[in-house]
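Enquirer: Here is a sequence together with a model predicted from it:
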Amino acid sequence: MCKKRIYLMAAFFVLGLALSSVVNAADIVARAWEFDADLEGWGLGNNVSDLTWEAGGYMNGTATNGDPYLNSPAGLALDITDAAFIKVRLKNDTPSDRGQIYFATPAGGFAEARRINFTIIPNDTDYTEYTIDMSDHDQWTGTLNRIRLYPATRADPLTVDYFRI
Ligand SMILES: [Ca+2]
């Protein structure tokens, strides 16, 4: 086998490794809440009534006004250095087209400085997975203490299948 061909094969191998790492970046999961058996420590934040676990693996509640949110357990101490994406699967059975995520780090608690909006499908009759790119947020770094989800910004039923970081 000539040297040129070996170099070419090596180049393709390295290229393949690089491409596979790009593809897999969105699949890195630092922490996941699947709600398979219970609420896994998630709880009422504000303006949500009747938050319950639902057979089939869902968090279910009713937003009572346009500012509903749910909190993860506190004290996560999660290293988010390589966690560039959040994936949340929910059913937005409301006319709202916007969800929000707030996060708390050692730099500070839930505040506008640590918020990101994401677009959701209004009046969705099925579950949709939303991938939120956190890598451009300058405060998304180091250690995550707690996270807060606004599944929509309208009052109506809300259902979340999973939340993955
Ligand atoms: Ca689930």
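Expert: That came through fine.
Enquirer: Counting neighbours, what do you get for residue 114?
Expert: 21 (other Cβ atoms under 10 Å). Every residue, glycine included, has its C-beta placed from N, CA and C.
Enquirer: and the gap between it and the ion?
Expert: To the ion, residue 114 is 26 Å away according to Cβ to the ion, to the nearest Å.
Enquirer: That residue contacts residue 100, correct?
Expert: No. If you go by Cβ atoms under 8 Å, residue 114 and residue 100 don't touch, sitting 11.0 Å apart.
Enquirer: Where does the chain get nearest to the ion, residue-wise?
Expert: residue 57 (3.1 Å; Cβ to the ion).
Enquirer: Quick one: name the residues of this structure near the ion.
Expert: Near the ion, the residues belonging to the chain are 34-35, 57, 161-162 when assessed by Cβ under 5 Å from the ion.
Enquirer: one more time with 8 Å
Expert: 34-36, 56-58, 89, 160-162 (Cβ under 8 Å from the ion).
Enquirer: Show me the residues you listed that map onto strands.
Expert: Those of the residues of the chain next to the ion mapping onto strands are 58, 89, 160-162, per DSSP state E.
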